[in-house]
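# take a look and give me a structure for this.
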Amino acid sequence: MEKEKEAKKEVSEEEAPPKESETKKEDVKNTSKEGEDTAENDVKSSDKADKEGSDGEKEEDGEEKAEKSTDESADEDADEDADEDADKDEEPPLPTNEDGEVTVEELEKASKEELKSTIEKVADKAKKRDQGTEWVPRTRLGHMVRNGEISNMSQALSSGLPLREAEIVDVLLPQLADEVLDVNMVQRMTDSGRRVRFSITCVVGNGDGYVGLGFAKGKEVGPTIRKAIDNAKLNMIEIKRGCGHWECGCGNPHTLPFAVMGKCGSVEVHLKPAPRGVALSTGGIAQNILKLAGVQDVWGYTRGQTRTTRNYAKAVFEALRTVHRTKVSPGQLKELKIKVGVTGTSTVDFEAEARQQQQRRRR
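Okay, here's the model as predicted:
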């Protein structure tokens, strides 16, 4: 009986509803947890809003900075174009004598102030190009040019000092035209993949008795072209011109004074004087080099693999170097009316060249 009574009590206790105090405690706990959860959610939402606002401000600041940088770059380009136009307008004409002819003596009598102004212009251009670095001569010839002891390119080449600074040529020959003759891509296979390099051939000249040929190799095309142009300036030569054909006899320096030959590899180039009006009857590569050298009429004959542009250009340049090395007495210069170096008549339209360079920069 006692066991039955104890079992009934346990069943009654299990079936009895919970007390009101216990239910109230549980409700308070649940409400407190819900309040904490809502507070945490509010904090998280506020943090997200702050982050989004800061990101929006950063994006706006980045857009403003980009607009400012583009405006500054456009202003700098406009200033550079204006400076180049001003430099072109301020270029003085070549000095002449009483008869209106340009001679070496008149060029030597040119004022040193003009030479200093050209030096300052070249220094400014080098400063802009090299981002704040000014040209400081590192060789004896460079110091002589900077001090005004040497005023033209003929004196620099005849001084016997090596030409190792491209800025010397920029000072003494401010009007120079350059042209890329060949861009050759060379590939080399390695364990990690292919390695591509470029071989550039460039020619530089003033169209009036001075020309240079340069080569360079590099991984990028733009810097390699600039390097080839600098090498061409360091390889500058002075050529002789005259009227060497028996049919003409005009006495103007429009062709070569005598026949010459140049060779490189299998390519052999023969250049002969031609009468006025024949023009440059040679290949395309030879025409570009002779035009920048100031030769207007010539007959050419080639042998060998002329499709190799590098060897063809070297052969033509060696022929012109033969003209430079050939010794001619002062009496023969007067009798044959041979002109050395600058004569005042250029075969290059520098205004058109400047326009082409501006179009390349804009592209």
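# G251 contacts G244, doesn't it?
No: between G251 and G244 there is no contact under Cβ atoms under 8 Å: 11.1 Å. Backbone N, C-alpha and C define where each C-beta goes, glycine included.
# of these two, who's got more company?
G244 (22 against 10; other Cβ atoms under 10 Å).
# contacts only, for the closest residue to that one other than its chain neighbours.
Leaving aside its chain neighbours, G244 sits nearest to P273 (3.4 Å; criterion: Cβ to Cβ, 6 or more residues apart in numbering). By Cβ atoms under 8 Å, 6 or more residues apart in numbering, the contact list for P273 reads 242-245, 255-259, 297-299.
# from those residues, which is closest to C202?
V298 (21.5 Å; Cβ to Cβ).
# helix, strand or coil: sort out L333 for me.
Per DSSP: H, G, I helix; E, B strand; the rest coil, the local secondary structure of L333 is helix.
# next one: it, what pLDDT does it get?
Confidence at L333, expressed as pLDDT, is 83.
# surely it is in contact with G341?
No: checked against Cβ under 8 Å, the pair L333 and G341 is beyond contact range at 11.9 Å.
# those two - which one has more neighbours?
G341 (19 against 15).
# now that one. Nearest residue, chain neighbours left out?
Nearest residue to G341 in three dimensions, chain neighbours excluded: G209, at 4.4 Å (Cβ to Cβ, 6+ apart).
# name the nearest residue to V328, ignoring sequence neighbours.
I338 (6.1 Å).
# low-confidence regions, the stretch 101-250 of the chain specifically.
101-133 (pLDDT under 70).
# what's the burial count for R307?
Neighbours of R307 using other Cβ under 10 Å come to 9.
# and what of S329?
8.
# tell me the spacing between it and I338.
10 Å (Cβ to Cβ, to the nearest Å).
# just to revisit the earlier point, the residue nearest to G244 pairs with what?
P273 forms beta bridges with V298, as assigned by DSSP bridges.
# farthest pair within the contacts of P273?
Pairwise over the contacts of P273, using Cβ to Cβ, the maximum falls at G242 and W299, 15.0 Å.
# okay, those two: which has more neighbours?
G242 (22 against 18).
# among the contacts of P273, who's most crowded?
Neighbour max across those (other Cβ under 10 Å) = L256, 29 neighbours.
# ok, that residue touching V278?
No: between L256 and V278 there is no contact under Cβ under 8 Å: 12.0 Å.
# and for those two, which residues touch both?
Joint contacts of L256 and V278 (Cβ under 8 Å, 6+ apart) are V298.
# just to revisit the earlier point, check contacts around the residue nearest to G341.
Counting by Cβ under 8 Å, 6+ apart, G209 has contacts 238-239, 241, 293-294, 339-343.
# can you give me the separation between it and K227?
Taken as Cβ to Cβ, the span from G209 to K227 is 25 Å.
# check A279 too.
Plainly put, A279 is 33 Å away from K227 if you go by Cβ to Cβ.
# pLDDT on stretch 292-309, on average?
On average, stretch 292-309 scores 92.
# figure out the length between the terminal residues of that stretch.
17 Å (Cα to Cα, to the nearest Å).
# now it: buried residues?
292-300, 302, 304, 306, 308-309 (16 or more other Cβ atoms under 10 Å).
# can you pull out the strands in the stretch 151-300 of the chain?
177-190, 193-205, 210-218, 236-238, 240-241, 260-264, 267-273, 280-281, 298-303 (DSSP state E, counting those that start in this stretch).
# could you say what helices and strands the longest one packs with?
This points to strand 177-190. strand 193-205, helix 221-234, helix 284-293, helix 309-325 (3 or more Cβ pairs under 8 Å, 6 or more residues apart in numbering; DSSP states H and E).
# angle of the third one against strand 260-264?
Looking back up the chat, that one is helix 284-293. Here the directions of helix 284-293 and strand 260-264 differ by 130 degrees (axes from the mean of the first three to the mean of the last three Cα atoms, to 10 degrees).
# helix 284-293: which residues count as buried?
Buried residues in helix 284-293 (16+ other Cβ under 10 Å): 285-293.
# try the longest one
Residues of helix 309-325 classed as buried under the neighbour-count rule (16+ other Cβ under 10 Å) are 309-323.
# out of those, who's nearest V145?
Looking across those and measuring by Cβ to Cβ, the closest to V145 is R321, at 23.2 Å.
# now for the closest one: which residues touch it?
Counting by Cβ under 8 Å, 6+ apart, R321 makes contact with 237, 262.
# got JSON lines for the strands of the stretch 151-300 of the chain, with distance to M153 too?
Shown next, in JSON lines, are the strands of the stretch 151-300 of the chain (distance: least, Cβ to Cβ, whole Å):
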{"stretch": "strand 177-190", "distance to M153": "15"}
{"stretch": "strand 193-205", "distance to M153": "12"}
{"stretch": "strand 210-218", "distance to M153": "6"}
{"stretch": "strand 236-238", "distance to M153": "7"}
{"stretch": "strand 240-241", "distance to M153": "14"}
{"stretch": "strand 260-264", "distance to M153": "21"}
{"stretch": "strand 267-273", "distance to M153": "23"}
{"stretch": "strand 280-281", "distance to M153": "24"}
{"stretch": "strand 298-303", "distance to M153": "23"}
